[in-house]
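Sequence plus the predicted model coming up.
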Amino acid sequence: MVSRRDFFMGAGALVGAGLVTRAGAASLPEAPVMSSAATQPPLAPPNGRPYNPVVTLNGWSLPWRMNNGVKEFHLVAEPVVRELAPGMKANLWGYNGQSPGPTIEVVEGDRVRIFVTNKLPEHTSIHWHGQRLPNGMDGVTGLTQPGIQPGKTFVYEFVARRPGTFMYHPHADEMTQMAMGMMGFWVTHPKNPGSMRVDRDFVFLLNNYDIDPGSYTPKVNTMLDFNLFTFNSRVFPGIDSMNVRQGDRVRIRVGNLTMTNHPIHLHGHEFVVAGTDGGWTPPASRWPEVTTDIAVGQMRAIEFDATDPGDWAFHCHKSHHTMNAMGHNVPTMIGVDQRGIVQKINKLVPDYMVMGERGMADMGEMEMPLPDNTLPMMGGQGPFGSVEMGGMFTVVKVRKDQKPGDYKDPGWYKHPAGTLAYEWKGETPQAARSDSAGGQSMPAEGRQGTIEMNVRKPSGHAGHH
Amino acid sequence: MIFQSIMSGARPLSIGLTAVVLTGCATFSKDGGLDAVSAMTAERTGQTVQFARPGSNTETIENNVHQLLSKPLTPDTAVQIALQNNRALQASLAELGIAESDLVQAGRMRNPGFSFGRMRGGDELEIERGIMFDIVGLLTIPIRRDIEGRRFEQARLQAASQAVRLVAETRKAYFNAVAAQQTAQYMEQVGMAAEASAELAKRMAKVGNWSKLDQAREQAFHADATAQIARAKHNAIAAREQLARLMGVWGAGTAFQLPDRLPDLPKEVGAINDIEAQAMRQRLDIQMAKYDTEATASALGLTKATGFINVLHAGYANKSTTDAPRENGYEIELELPIFDWGGAKTARAEAVYMQSLHRTADIAVRARSEVRESYSAYRTSYDLAKHYRDEVVPLRKRISDEMLLRYNGMLASVFELLADARDQINSVNAAIEAQRDFWVADTDLQSAVNGTGGASTPMRGQASSQTAAQAH
């Protein structure tokens, strides 16, 4: 945990005199940096209008300086090393020490001045996604402003007119800079802190990377076949859980800056989409969901009452997106008997082990050496074994005794007696099976005969694993 | 003999003169010139030559060879066997005996002839007795001895150069045979990888995970690999038979054992100073050319002095091929200076001398060039073999290790793993070839410095690692 005072002290040490000119130093706010990838506690506003701060999943909020009634922030665009999960780090580009950059929290009606210093090797800019602002502050290089050259600082200034959920990202060499992780969250709180009030307000961005196993830098030219799908540039099991108190009204705001849509799914509760990029949805138009699809470039704020205690999965429902790097061209080995072949292969590759014959769960169970800086495709140990997940997956932990304002991980849920699935120990009679696959609406003519398929039941595997 | 008629009339010469000439006559040497050949060979190859004389040491040689064959061969033992057992070399050594007999013969006077005639005409009886000496023969003894002496020397050089060449060929055949055997073994491993892929593909198709197309592709690779194995096996047999021929073994002798691996590369390459000068001293073809020139020079001197004795037709031993029998000899004509006083003949002799001189110079120039080329081949093949050993093979190993890690993470399939294993084996094969090329180049360099020159040594291209393209 890092306090705001620590931020500024740390920032003083880290932001050297080389960053700004002596003449400008007096007027340029400090740029705090964050070195930890852990979720930081909410930043209670020390001045300005009051609001209920958000919690950035595996991230933090950017402190500001009040200057004659103007909220001044300082973002530094720079190369960073981001830990995607313990065991894997990536060379990314971000802001103030992390990718994604810190969340900017302001209040409706605030005059905001943002200093952007470019410490990247190429020019950049920031586009304030979803904001109403003067056209010249929109941050599109070439169209509304020149690029911020390396070493230069630009100032953006506008009034945060509309409350809601926003994000920021470069609009200069956008493909590269976003593929390298340049993005951040923006929340404009309503003027009245009582309006739209919730007990816990979590925010994060969806991002994706293509980092070849054994390497460290994303392949910026990948278009669709990404191998790492992340919440705030973190993958499971490196994503923090969202810990709430039973009965809390919980809001989760998600922005999508990947190259595809993500059906985000919550277990155990139904939620409503309470807000989009366009603003808050009128209560009458909200309908209950357990999955909401978030398209590319969209924001969704979902809300629910955490009524049921437990460890509830929360994830993207595209199953490849809850996996880490995997070979998309690896053939299916299910049911392929490798007896006899293994010995041959072992003569050539002594450490070869059969995998995939029974499915891919082997991957979650076996701990085998992998290439450098590569996470297992699936894993994450839960109280009952491997969770067999990766990528965009985390847990909402609902506890009776989680104190208000406490975001600490309460540990695994202890299921009350009689509330846990158990093994049937009685008789297992043969299930009745239908011998007809049903009718066909349009049977192909002249095509006779059936294909003989043998179902190989998982048995008799002794000795070849 | 064309001199015969003259001889019969040459009665008045004293027997005393004859006796003086005959005291210097040649006798057979103890070793028949073999020791000199053996010494020359040993100086150049470190191995001595054995000659199987009828009824003498054949049994010892047989025992020697038998004993050498009972253990896995080394390059040296293979050479020892060849030097004792190669029949072409033995034939060449027998030639030495022929040359020596000629030399001894040349130093001897023809036996005097005795003639007795009895004629009766009426009452008269005439008895004619005559003792005939080969006067011309006597006159030409020094020339003939000189020539035969050179021929004998030539025969020794010839025999030595053949022995040295046999040593080189045997060494090369040995390295080829060991390398081919090693390659065949590794090809079996490639085959095993291909077989595993094909079998797995078959089972995948059987349970419905793969199409016939995918299966056929793996099957096709296996089929190709099988053909390659057959070739590699034949190459191993062919290389072995080449060695068997040079060692002159047959029957039970062909069951000789080769070691599993080629000898390791030496730690350092031989730095060879004054290598060209060494070749000028050592090379047998240069020595032969020198003898040839000297002989021509003395023939020239003789022609100038007399003008009547024509030794230009004297045939000197030249490089001869191993298979064909040499045909050489000489002829001396003694002419009566009635019409031609020999001016043209002298001019011709001079031209022939010059020709011989140029030939010798040419051989020397070629030899120097051959030495430089062989040295380059030797250096380069050493560096290449070392490069394969220290860079290519370890890199391939690292690739395979990383590939296994990728397989572990389900990032790569077992087929990629097997294809990579094949690539790794192929790079090991390429390393074996490079190592073999070094030992062959080493032998060629020795030939260029000490023998009569090795074959030109172009670097062989390595295509083996390209087979990777056939994988997925």
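Okay, I see it.

For the stretch 51-200 of chain B, which residue gets nearest to chain A?
Nearest residue of the stretch 51-200 of chain B to chain A: B:A196, at 4.4 Å (Cβ to the nearest Cβ). No exception for glycine: its C-beta is placed from N, CA and C like everyone else's.

Helix, strand or coil: sort out that residue for me.
helix (DSSP: H, G, I helix; E, B strand; the rest coil).

what helix or strand is the residue nearest to it when sequence neighbours are not counted on?
Counting by Cβ to Cβ, 6 or more residues apart in numbering or on different chains, B:A196 lies nearest to A:K344, which is 4.4 Å off, once chain neighbours are set aside. Using DSSP states H and E, A:K344 sits in helix A:341-348.

Just the residues contacting that helix, thanks.
Outside helix A:341-348, the residues that touch it by Cβ atoms under 8 Å, 6 or more residues apart in numbering or on different chains are A:352, A:354, A:464, B:189, B:192-193, B:195-196, B:199-200, B:203, B:414, B:417-418, B:421, B:425.

quick one: which two of those are the most distant?
A:H464 and B:I425 (24.3 Å; Cβ to Cβ).

Counting neighbours around each, name which of those two comes out higher.
Higher neighbour count among A:H464 and B:I425: B:I425, with 23 against 15, using other Cβ atoms under 10 Å in any protein chain shown.

State the distance from the more buried one to B:V49.
42 Å (Cβ to Cβ, to the nearest Å).

What of A:P376?
Here A:P376 is placed at a distance of 70 Å from B:V49 (Cβ to Cβ).

show me where the chain has helices.
I went with chain A, as the question did not name one. A:4-14, A:22-25, A:174-179, A:341-348, A:362-365 (DSSP state H).

Please refer instead to chain B.
Under DSSP H, chain B gives helices at B:4-8, B:15-22, B:34-45, B:58-69, B:75-85, B:87-106, B:135-206, B:212-247, B:275-282, B:284-306, B:343-387, B:393-408, B:414-450.

Mean pLDDT added to these, as CSV?
Formatted as CSV, the helices of chain B follow (pLDDT from 0 to 100):
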stretch, mean pLDDT
helix B:4-8, 37
helix B:15-22, 42
helix B:34-45, 84
helix B:58-69, 86
helix B:75-85, 93
helix B:87-106, 82
helix B:135-206, 88
helix B:212-247, 94
helix B:275-282, 88
helix B:284-306, 79
helix B:343-387, 89
helix B:393-408, 94
helix B:414-450, 93
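
among the ones you listed, which is nearest A:L370?
A:L370 lies closest to helix B:393-408 among the helices of chain B, at 5.4 Å (Cβ to Cβ).

what's the residue closest to the geometric middle of chain B?
B:R165 (2.3 Å; Cα atoms, centre = their mean).

and the stretch 201-350 of chain A, which residues reach chain B?
A:213-214, A:325-327, A:329-338, A:340-341, A:344-345, A:347-349 (Cβ under 8 Å from any Cβ of the partner chain).

neighbours of the residue lying closest to A:P86 once chain neighbours are set aside, just the number please.
Nearest residue to A:P86 in three dimensions, chain neighbours excluded: A:G238, at 6.1 Å (Cβ to Cβ, 6+ apart). Using other Cβ under 10 Å, A:G238 has 23 neighbouring residues.

Give me the distance between A:G238 and A:P102.
Counting by Cβ to Cβ, the gap from A:G238 to A:P102 is 19 Å.

ditto for A:T144
For A:T144 relative to A:P102 (Cβ to Cβ), the value is 24 Å.

out of the two, which sits in the more crowded spot?
Of the pair A:T144 and A:P102, A:P102 is the one with more neighbours under other Cβ under 10 Å, namely 27 against 15.

quick one: contacts for the more buried one?
Here A:P102 is in contact with A:P32, A:M34, A:T56, A:G59, A:W60, A:S61, A:L62, A:L75, A:Y95, A:N96, A:G184 (Cβ under 8 Å, 6+ apart).

Leaving out the residues flanking it, which one is nearest to the fourth one?
What it means is A:G59. Closest to A:G59 by Cβ to Cβ, 6+ apart is A:N232, at 5.2 Å.

next one: the third one
Counting by Cβ to Cβ, 6+ apart, A:T56 lies nearest to A:T103, which is 4.5 Å off, once chain neighbours are set aside.
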